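Chemist: Got a sequence here, can you model it:
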Amino acid sequence: MKMKTKGRKCVSICAIVFSQLHEKLQDTLALIEQKLDVALGQICLNFEPRQYAKVYTAFQLLDKNQTAIDQLHMHFITTIHNRSFGVVMGFVELSNRKNGKNQGETLTKKHYPELCHAVTAEYFVPALLSLCKGMWDVMKTYRSIIQWHLELADQRKRSRENALTGSSAVTESNPDRDMVEVYVLHKLESGPPRLWSDMEQKIRVLLTQSDAAAQLKYDSFGHLLSVLKRFCIVGKEFGGVNSDALMDAVKQQASRFFNMYHRTKLEELHFFLDNESWEVCPMKSKFTCLDLWEFQFLRPRTQLPSGSSQSFVEKAAGDAGRESSHTSATTHFFLEFGSSGTPFDDLFRSEEQHEDVLVDSGDGDKRSSDSDDDIMDELKQEHIDETGEKRRGSPKQRRSSAFKSISLGGPVVTNSTLSVLRLFGRYIFFVAMLESNAPEVINALSQLFDYYLYTVYSLFSTEIHEYFESLVISKRLQVGVKRIRENLINMNSDHVETGPDGKTRIPAPQISPRIDLADPKTVFALPERIAAMESLAFLASQMELIQPTLERALPPQRRVFLQQFYTQSVSLVPDIRYPVYWCVAYRSINYDTALSMMAEVQWDIKDLASQHSEYVDHLLKELEGFHQVIRRTAKTTAIPKEALDGLWTLAVLLTNRTFVEGFSGVKKCSNEGRALMQLDYQQFIVSAEKLSSLRPIPDRDFIDSYVKAFYLPEEALEKWIKDHKQYTLKHIVGLINQSPSLTKKTRQRLLQFVEDPEGLRNKNKS
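Modeler: Sure thing, here's the model as predicted:
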């Protein structure tokens, strides 16, 4: 009996001991799992293969591999949150300390979106860059873990193959373990899209919750775009998915930023043009906009200046092309930066702006590197670059260098032209970064060109007599200028404003008070007219140069706008040359005296004349004086061939109108008088060709056709009058009154027709 009692007690004691031991073992096991879980969480930021192998083997011994992988994903998600929160909070603290703000409530109690909202513009790009680098560390660690398991699976596969061939010792097969490894690898390989979604969301919140992006300077916003572009490409490689939500947020911020930036640039351009002295910059003879730093992302790598390295704009534009090519993701970045560094380290290196576009003026700097915040003080005739150093060289030296440059075939460029070209480069880079914003950016670029065109036309095409408007101003130019005025110019304000129709309008330009367009001593501001007109022509040529780039950036359905812009604006530039130079040709030659002398000529002579009339000598003498004026001007101001041809063409056109004006005022004229008219004009042609640079003399048919019309029979003359609309009413009336082939009745009918063609037509119908 006692033995049974003792046995029961022993069993009871053993049960208690075993129960306590089991509890202790369970607690120990839980502690081990907890320690392993902590070690697993630490691996998310610092992957070390040996350490991970130990942790994974421990989970394997506990038969908890599947649980470990599930926990690993949770640790990565937690790491993404903690890393994002820590990075953003660090920059908020830095900003608060710099600005002397009281921390008050600890930042750790704030939510992540609140912290993002507190990031200032000064620290926004650094915060974004640090956050992207932090996410890169997470992605790289995760990829390393996948690679470790791939290598493990490969080792097990080789071991099984070797066992089958008998080339090594037989390895015990464990189907359950193989199944677990397949599950683990599948779980890991399906994880990147989810992790990427969380990382993308953290970046997107920073971008959308902060107001700092819209306050950035252009260069900083360019950095922001390049970082985000690179981040999306890395994400594509990591998760195999597009970052549509993030890119939508980028597009919205970019549109908001660009609208503010463009408005600011329009205000600056208005100020610059109002104070433009219209002096020519001494550019190198083969200069194009592609030589400017702002365009270097469009140049092949081999065309960069020696000593210059790839800048962030080239890398970013390369990323843009890579992102838009829709090619399959590669492991380029993970291979290149797998051991050290990040894909974001090289974005902002080597941004020194190399240019070699200016002709050396002796002691001046050949390079010109104007950043977005440079200010051109036209009133002082000095250009300040981004380093704050004034460009050396006196105004006289710069004019001398410009004279040599144009004489050698160099382009005519003013300070404002350079400013507009630099803006072109910045706008096109913006398009390269975000093609989805291309339509609004290219529309803004067209506004820059239109305003420059309108400025040159409105400032230098004043006081054109109504009589000469049809001669000097083409129909399409009138339509184009009217369109620009209605859509872009604010005639009632001195500020850039956005109207109820959503269109941004710029104040009408004003010419600098230092320029006197009516001063004969400066040949009616001929140097300034040349600088304005030919710089516009050069600007148009650069628009032609970049047209293929703009077309590629636009979707096919949006290219109609671009074609209209080139047709309705860029192609108008040659038509502006006559209105700009008209004043010089009109005021430099005394046409009225010639008309008075023509009125005194006896045209009803009976014999053929062998000597031309005296008024022809007067006109030729005036043209000789005009020629001398141009020659004197050309000694100090280089006159491009296009400008010289334009001046002489206008002089000839005006002289031809003088001939017809005089001929139409003749009261009596014989056939011999008509022959004298032809002799006079022929003498003028021969001498004018010697003076001018024109071969042949233009517009000759205007005179020849008019004189020959006197010999036409009645029906032919009536048809000629209807077909030749380029002559004024006075010209036609004079022709009708002098024509010897018309009867009195026909003459009256034709006079009535030219004075009121609609009335006569209606009368005939009735």
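
Chemist: what about the helices in the stretch 601-750 of the chain?
Modeler: With DSSP state H, counting those that start in this stretch as the criterion, the stretch 601-750 of the chain has helices at 614-634, 641-664, 671-691, 700-708, 714-723, 729-738, 744-755.

Chemist: quick one: pLDDT of residue 735?
Modeler: You'll see residue 735 listed with a pLDDT of 90.

Chemist: is it true that it touches residue 660?
Modeler: No. Between residue 735 and residue 660 there is no contact under Cβ atoms under 8 Å: 9.5 Å. Where you see a C-beta, it was placed from the backbone N, CA and C, and this is true even at glycine.

Chemist: Off-centre distance for the helix ranked longest in the chain?
Modeler: The single longest helix within the chain, with elements called by DSSP state H, is helix 121-165. Here the centre of helix 121-165 is set off from its chain's centre by 40 Å, with Cα atoms, centre = their mean, to the nearest Å.

Chemist: And stretch 653-668, by the same measure?
Modeler: On Cα atoms, centre = their mean, the centre of stretch 653-668 falls 50 Å from the chain's centre.

Chemist: Not counting it itself, show me its contacts.
Modeler: Around stretch 653-668, the neighbours that count as contacts under Cβ atoms under 8 Å, 6 or more residues apart in numbering are 468, 471, 585-586, 589, 591, 594-595, 598-599, 603-604, 615, 619, 623, 673, 677, 680-681, 684, 688, 698-700, 702-703, 706-707, 727, 730-731, 733-735, 738.

Chemist: Give the other helices and strands that the host helix or strand of residue 95 contacts.
Modeler: Using DSSP states H and E, residue 95 sits within helix 65-98. With contacts taken as 3 or more Cβ pairs under 8 Å, 6 or more residues apart in numbering; DSSP states H and E, helix 65-98 sits against helix 2-43, helix 49-61, helix 112-117, helix 121-165, helix 175-189, helix 192-209.

Chemist: let's see it at 6 Å
Modeler: Applying 3 or more Cβ pairs under 6 Å, 6 or more residues apart in numbering; DSSP states H and E, one finds that helix 65-98 contacts helix 2-43, helix 112-117, helix 121-165, helix 175-189, helix 192-209.

Chemist: Output those helices as a markdown table; include the columns mean neighbour count, mean pLDDT and distance to residue 714.
Modeler: Shown next, in a markdown table, are the helices and strands packed on helix 65-98 (neighbours: other Cβ atoms under 10 Å; pLDDT from 0 to 100; distance: least, Cβ to Cβ, whole Å):
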| stretch | mean neighbour count | mean pLDDT | distance to residue 714 |
| --- | --- | --- | --- |
| helix 2-43 | 12 | 69 | 106 |
| helix 112-117 | 19 | 93 | 88 |
| helix 121-165 | 17 | 87 | 82 |
| helix 175-189 | 14 | 79 | 96 |
| helix 192-209 | 20 | 94 | 81 |
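
Chemist: and residue 639, which of those is closest to it?
Modeler: helix 121-165 (48.4 Å; Cβ to Cβ).

Chemist: Now do the contacts for residue 292.
Modeler: residue 425 (Cβ atoms under 6 Å, 6 or more residues apart in numbering).

Chemist: Can you check the pLDDT for it?
Modeler: Looking at residue 292, its pLDDT is 93.

Chemist: Give me the phi and psi angles of it.
Modeler: For residue 292, the backbone dihedrals (degrees, to the nearest 10) come out as phi -80, psi 150.

Chemist: How about residue 119?
Modeler: phi -70, psi 130.

Chemist: okay, now the residue lying closest to it once chain neighbours are set aside: neighbour count?
Modeler: Distance criterion Cβ to Cβ, 6 or more residues apart in numbering; nearest residue to residue 119, sequence neighbours excluded, is residue 210 at 4.9 Å. For residue 210, the neighbour count with other Cβ atoms under 10 Å is 23.

Chemist: just checking, residue 210 touches residue 116?
Modeler: Yes. Using Cβ atoms under 6 Å, residue 210 makes contact with residue 116 at a distance of 5.2 Å.

Chemist: Does residue 458 belong to a helix, a strand or coil?
Modeler: Judged by DSSP: H, G, I helix; E, B strand; the rest coil, the three-state class of residue 458 is helix.

Chemist: Phi and psi next, for the nearest residue to it once chain neighbours are set aside.
Modeler: Among residues not flanking residue 458 along the chain, residue 509 sits closest, at 6.1 Å (Cβ to Cβ, 6+ apart). The phi/psi pair for residue 509 (degrees, to the nearest 10) reads phi -70, psi 150.

Chemist: Same check on the one 10 residues further on?
Modeler: Its backbone dihedrals place residue 519 at phi -90, psi 110, with angles given as degrees, to the nearest 10.

Chemist: So for it, what's the pLDDT?
Modeler: Value for residue 519, per-residue pLDDT: 94.

Chemist: How many residues are close by it?
Modeler: The burial count assigned to residue 519 is 10, neighbours taken as other Cβ under 10 Å.
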